[in-house]
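Trainee: sharing a sequence plus its predicted fold:
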Amino acid sequence: MKKLHSLLFSATLLMGVAAHAQVRVEIAGVSGTQIPVAVAAFADESVAPEQVSAIIRADLERSGVFKVIDARQAISDTASIDLGAFKASGADALVVGSVSRLADGRLQVRYKLLDTVKQTQLSQLSDAVGPRNTRLEAHRIADDVYEKLTGVRGIFSTRISYVKVNHGNGNHSYELVVADADGENEQVAAFGREAIISPAWSPDGTKVAYVSFEKQKPIIYVQNLVTGQRAIIANEKGSNSAPSWSPDGTKLALALSKTGNTQVFIVNADGSGMHRLTTSNGIDTEPQFSADGQSVYFVSDRSGGPQIYKMSVNGGQASRVTFNGSYNISPRVSPDGKTLAWISQRDGVFSLYAMDLASGQEQRLADGATEPSFSPNGKYIMYANKGGGRASLAVVSVDGRVKQRLSTQAGNIKEPSWGPFMK
């Protein structure tokens with residue numbers, strides 16, 4: 001069979017073609033204060049291809065924020081419920097619901113969230129969805145529970161992307177994979193024999209920018225996840241790398257070596273209007289826009305070793321951000337702009353750190369980490385982790401208490417990027 005040197009693209013996301021190996025999630029640690037929630041089986045949920053209540057339960061448990069109590073019975077959203085009994089069992093809230101099949105084949109999914117302490121209803125939803133969207137609807141319900149009980153928007157219905165490296169018969173293949181936040185429902189957006197790195201989601205969740213080596217050099221592409229089409233954004237002389245989107249989705253920051261040493265450039269989302277931002281004698285790379293889009297964080301060795309700097313999008317003087325440790329790379333800014341995550345090598349170990357940008361206070365969150373990416377609600381950070389000789393993904397809460405590991409039976413998975421909230 002002729003070796004594939006070029007990537008083969010198709011609108012696989014439209015067709016729902018799933019990757020073969022699903023991701024397994026392992027959870028360790030819990031939040032400092034857990035909210036006890038009872039989750040009942042939904043009435044008649046066996047008509048759905050997947051158990052809605054089980055997905056909700058798994059989502060809430062994975063967050064580390066909830067102590068999930070099995071209600072040990074199916075309870076419809078229309079049932080008369082003794083909330084006092086659930087309060088006595090230790091539950092502060094109760095999730096109930098039902099599933100029914102409509103004449104057109106869709107599923108009517110209804111849910112209620114009840115406060116057992118105040119004996120009141122906190123929320124309810126009712127949606128008609130296609131059977132294949134059962135998981136998504138369950139994630140949306142879990143999001144609603146999370147938000148109503150914590151005041152913070154849930155991220156269970158968001159998506160992630162990562163690169164899967166498959167080894168077989170002495171050959172490597174690379175897949176750019178998009179999946180649900182829990183690693184399920186994998187779908188291949190791009191694949192080929194040459195490396196794919198640095199995926200970055202557009203703010204509206206419809207596109208992913210990434211770097212491909214399919215033409216034997218790094219070139220930046222933008223892949224449309226809805227249509228399957230892609231476009232070259234940067235194919236300049238030398239290296240084209242590290243794309244990141246502006247918060248409004250109109251621009252990309254890139255690292256290009258077209259002028260000699262790698263420097264930071266900004267370009268319109270369609271590849272036009274390219275202009276240079278940094279002008280140092282060193283290497284400036286890994287740019288990331290600030291949350292308000294007015295600044296760019298980047299890595300530079302202008303002080304002797306790699307450190308993180310910040311500069312206005314209009315240019316000018318760069319200010320140094322990291323001072324502890326001699327090797328600091330991969331800056332990522334939380335959606336609210338208050339926290340910086342990055343990778344620091346100290347005592348020979350690559351670790352994930354987070355800094356409160358107002359106070360400058362640092363916290364080490366995980367060792368053996370690379371390639372961090374914030375969840376869209378800013379409460380979790382996904383990163384690549386190499387343990388046992390196999391690359392996998394891991395998630396840690398920004399307070400360091402909750403940790404998850406996402407692993408797959410086949411291939412290494414790395415280069416994670418957490419997608420935005422969907423409109």
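Mentor: Sure thing, it's come through. Numbers count the residues shown, from 1 in each chain.
Trainee: hey, let's count contacts and neighbours off CA atoms from now on
Mentor: Noted.
Trainee: so where is the stretch 151-300 of the chain shaky, pLDDT-wise?
Mentor: Along the stretch 151-300 of the chain, the parts satisfying pLDDT under 70 run over 169.
Trainee: any chance you could map the helices in it?
Mentor: In the stretch 151-300 of the chain, no helices are defined using DSSP state H, counting those that start in this stretch.
Trainee: do a quick rundown of the strands in it.
Mentor: Using DSSP state E, counting those that start in this stretch, the strands of the stretch 151-300 of the chain run over 159-168, 171-180, 187-192, 196-201, 207-212, 219-224, 230-234, 240-245, 251-256, 263-268, 275-276, 284-289, 295-300.
Trainee: direction included, what does the fourth one pair up with?
Mentor: Strand pairing for strand 196-201, using DSSP bridges, gives strand 207-212 (antiparallel).
Trainee: show me the contact partners of the partner strand.
Mentor: With contact meaning CA atoms under 8 Å, 6 or more residues apart in numbering, strand 207-212 is reached by 194-202, 218-226, 240-244.
Trainee: to residue 332, which of the strands of the stretch 151-300 of the chain lies closest?
Mentor: With CA to CA as the criterion, residue 332 lies closest to strand 284-289 of the strands of the stretch 151-300 of the chain, at 6.5 Å.
Trainee: return the list of helices and strands in contact with that closest one.
Mentor: On a contact count with 3 or more CA pairs under 8 Å, 6 or more residues apart in numbering; DSSP states H and E, strand 284-289 meets strand 240-245, strand 251-256, strand 263-268, strand 295-300, strand 328-333.
Trainee: so the closest residue to residue 141 other than its chain neighbours: helix, strand or coil?
Mentor: Nearest residue to residue 141, sequence neighbours excluded (CA to CA, 6 or more residues apart in numbering): residue 56, at 7.0 Å. The three-state label given to residue 56 by DSSP: H, G, I helix; E, B strand; the rest coil is helix.
Trainee: any idea how far residue 56 is from residue 140?
Mentor: 9 Å (CA to CA, to the nearest Å).
Trainee: which of these two has more neighbours?
Mentor: Neighbours were counted for residue 56 and for residue 140 using other CA atoms under 10 Å; residue 56 has more, 26 against 19.
Trainee: OK, contacts around that one?
Mentor: Residue 56 touches 138, 139, 141, 142, counting by CA under 8 Å, 6+ apart.
Trainee: returning to that earlier point: turn the strands of the stretch 151-300 of the chain into CSV, including distance to residue 71 and mean neighbour count.
Mentor: Putting the strands of the stretch 151-300 of the chain into CSV (distance: least, CA to CA, whole Å; neighbours: other CA atoms under 10 Å) gives the following:
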stretch, distance to residue 71, mean neighbour count
strand 159-168, 29, 21
strand 171-180, 26, 20
strand 187-192, 34, 23
strand 196-201, 38, 25
strand 207-212, 41, 25
strand 219-224, 43, 23
strand 230-234, 48, 19
strand 240-245, 44, 26
strand 251-256, 48, 27
strand 263-268, 52, 23
strand 275-276, 59, 14
strand 284-289, 45, 27
strand 295-300, 48, 26
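Trainee: now render the contacts of residue 56 as JSON lines, adding distance to residue 322.
Mentor: Shown next, in JSON lines, are the contacts of residue 56 (distance: CA to CA, whole Å):
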{"residue": "138", "distance to residue 322": "41"}
{"residue": "139", "distance to residue 322": "37"}
{"residue": "141", "distance to residue 322": "40"}
{"residue": "142", "distance to residue 322": "37"}
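Trainee: from the residues you listed, pick the one nearest residue 36.
Mentor: Using CA to CA, residue 142 is the member of the contacts of residue 56 that sits closest to residue 36, with 14.2 Å.
Trainee: what is the neighbour count of that closest one?
Mentor: Residue 142: 25 neighbours (other CA under 10 Å).
Trainee: which parts of the host helix or strand of it are buried?
Mentor: Using DSSP states H and E, residue 142 falls within helix 134-150. For helix 134-150, a neighbour-count test (16 or more other CA atoms under 10 Å) marks 134-146, 149 as buried.
Trainee: with stretch 361-379 instead?
Mentor: Here stretch 361-379 shows 362, 364-367, 369-376, 378-379 as buried, counting by 16+ other CA under 10 Å.
Trainee: do stretch 69-84 as well
Mentor: So stretch 69-84, judged by 16+ other CA under 10 Å, has buried residues 69, 71, 74, 75, 76, 77, 83.
Trainee: quick one: contacts for residue 40?
Mentor: If you count contacts by CA under 8 Å, 6+ apart, residue 40 has them with 53, 70, 71, 72, 73, 74, 75, 94, 95, 96, 97.
Trainee: show only the entries of the residues you listed found in strands.
Mentor: Judged by DSSP state E, the subset of the contacts of residue 40 located in strands is 70, 71, 72, 73, 74, 94, 95, 96, 97.
Trainee: where's the closest residue to the third one other than its chain neighbours, which helix or strand?
Mentor: Read that as residue 72. Counting by CA to CA, 6+ apart, residue 40 is the residue found nearest to residue 72 once chain neighbours are left out, at 6.6 Å. Using DSSP H and E, residue 40 maps to strand 35-41.
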